[in-house]
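*Asks:* quick one, fold the following:
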Amino acid sequence: MKEAFEAFKREDWTEAERLYRAQLADPEQEENAMHMLAFTLAMKKEYGEARTLYEELLHRAEQQGHQEASAIAMHQLAMVCRLEGDAPAAKRWLERERALRREQFPDDHAGHSANAYEFGEVALVEERLEEAIGAFRLALREGKKAEDDICIACAWRGIGQASARFGHDPGPAYEQSMDAFRRAGDAKGEEEVRCLLEQQSG
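*Replies:* Numbers count the residues shown, from 1 in each chain. Take a look at the predicted model:
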């Protein structure tokens, strides 16, 4: 799995797919491999198979009564639908995830932050900018409660992107995002936001 994850991190999607598919035969690794294979396929824009894998993971989680695994699968299904351009389907999955998290995991602030962040991303796809800003601000509040710098960084990045669409200066939000990514030790995330800032400045 380590080799596959290294390929995933360097965005060698073809190699990551090959290695994750090889792991599907190992019962101990199968579900992890399914998760990562689905994510890899989504990055390759092979959305149909990605959805099928996440739907199977959701089915298994619900059969076993694993609520957290169910919430994660719903979240990932929403992400795939968003990437595919199907915002209404993405929102339906996010609403299911949010309801489950509120009922079962009210204090999982990182989980609530990730859910709110994805709502913001979907709102951006639909050009619903007020809704996007509200969702990203909620993601930021929940991220701060969780003291999770990655959640905080992503929320500030979203606020910056929505601000730019409004015609406002996204610089302060992007700076906050880069600071949080730096605290988390995520150099790639920091660099991606720096590129957004430079594009805006240019």
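
*Asks:* in the chain, where is pLDDT below threshold?
*Replies:* Low-confidence segments of the chain, defined by pLDDT under 70: 202.

*Asks:* which parts of it are helices?
*Replies:* 2-9, 13-23, 30-43, 47-64, 67-84, 87-104, 109-125, 129-146, 149-166, 171-184, 187-201 (DSSP state H).

*Asks:* would you format the ones you listed as a markdown table with mean neighbour count included?
*Replies:* Just so you know, the C-beta spots here come from the backbone N, C-alpha and C atoms, and that holds for glycine as well. Output for these, formatted as a markdown table (neighbours: other C-beta atoms under 10 Å):
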| stretch | mean neighbour count |
| --- | --- |
| helix 2-9 | 15 |
| helix 13-23 | 18 |
| helix 30-43 | 20 |
| helix 47-64 | 17 |
| helix 67-84 | 21 |
| helix 87-104 | 17 |
| helix 109-125 | 23 |
| helix 129-146 | 20 |
| helix 149-166 | 23 |
| helix 171-184 | 19 |
| helix 187-201 | 15 |
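
*Asks:* I'd say Met79 and Ala87 touch.
*Replies:* No - assessed by C-beta atoms under 8 Å, Met79 is found out of contact with Ala87, at 11.9 Å.

*Asks:* for the closest residue in space to Asp169 that isn't next to it in sequence, give me its contacts.
*Replies:* Once flanking residues are discounted, Asp169 sits nearest to Ser163: 7.0 Å by C-beta to C-beta, 6 or more residues apart in numbering. Residues counted as contacts of Ser163 (C-beta atoms under 8 Å, 6 or more residues apart in numbering) are Ile133, Asp169, Pro170, Ala173.

*Asks:* count of residues packed around the second one?
*Replies:* Neighbour count for Asp169, taken as other C-beta atoms under 10 Å: 13.

*Asks:* quick check on it: phi, psi?
*Replies:* Main-chain torsions, Asp169, degrees, to the nearest 10: phi -70, psi 110.
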